[in-house]
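*Asks:* need the 3D shape of this:
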Amino acid sequence: IYATVVKTGRTSIRVHVEAWKRPRNHAKAEAMRVTEGVFTYVAIDEDRKPRTLPGAEP
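*Replies:* Next up, the predicted model:
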């Protein structure tokens, strides 16, 4: 699994994730991507409202 931060905002982070696999009995076989996605994580406070990320400029 590989992940890369695509964007960091004031209250959220967007991450691109890829999962790759290689056949079990074929060590020399090429790995192939089995899934990928872009996920957005939002920082929330106790009231479940977006809050500023640590280190983010207001």
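*Asks:* check contacts around residue 16.
*Replies:* 3, 4, 6, 36, 37, 38 (C-beta atoms under 8 Å, 6 or more residues apart in numbering). The C-beta positions use only the backbone N, C-alpha and C, and glycine is treated the same way.
*Asks:* if you set the cut-off to 7 Å instead, what comes out?
*Replies:* With contact set as C-beta atoms under 7 Å, 6 or more residues apart in numbering, residue 16 has these partners: 3, 4, 6, 38.
*Asks:* cool, and residue 1?
*Replies:* Residue 1 sits in contact with 17, 19, where contact means C-beta under 7 Å, 6+ apart.
*Asks:* one step back: distance to residue 46 and neighbour count added to the contacts of residue 16, as TSV?
*Replies:* Listed next are the contacts of residue 16 as TSV, based on distance: C-beta to C-beta, whole Å; neighbours: other C-beta atoms under 10 Å:
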residue	distance to residue 46	neighbour count
3	28	11
4	30	10
6	28	12
38	28	11
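*Asks:* buried residues in the helix or strand that contains residue 17?
*Replies:* For residue 17, the host element (DSSP states H and E) is strand 12-21. By 16 or more other C-beta atoms under 10 Å, the buried positions in strand 12-21 come out as residue 13.
*Asks:* so how far is residue 55 from the residue nearest to residue 51 when sequence neighbours are not counted?
*Replies:* Once flanking residues are discounted, residue 51 sits nearest to residue 45: 4.4 Å by C-beta to C-beta, 6 or more residues apart in numbering. Residue 45 sits 17 Å away from residue 55, taking C-beta to C-beta, to the nearest Å as the criterion.
*Asks:* partners of the strand holding residue 17, with directions?
*Replies:* Partners of strand 12-21 in the sheet, by DSSP bridges, are strand 2-8 (antiparallel), strand 32-42 (antiparallel).
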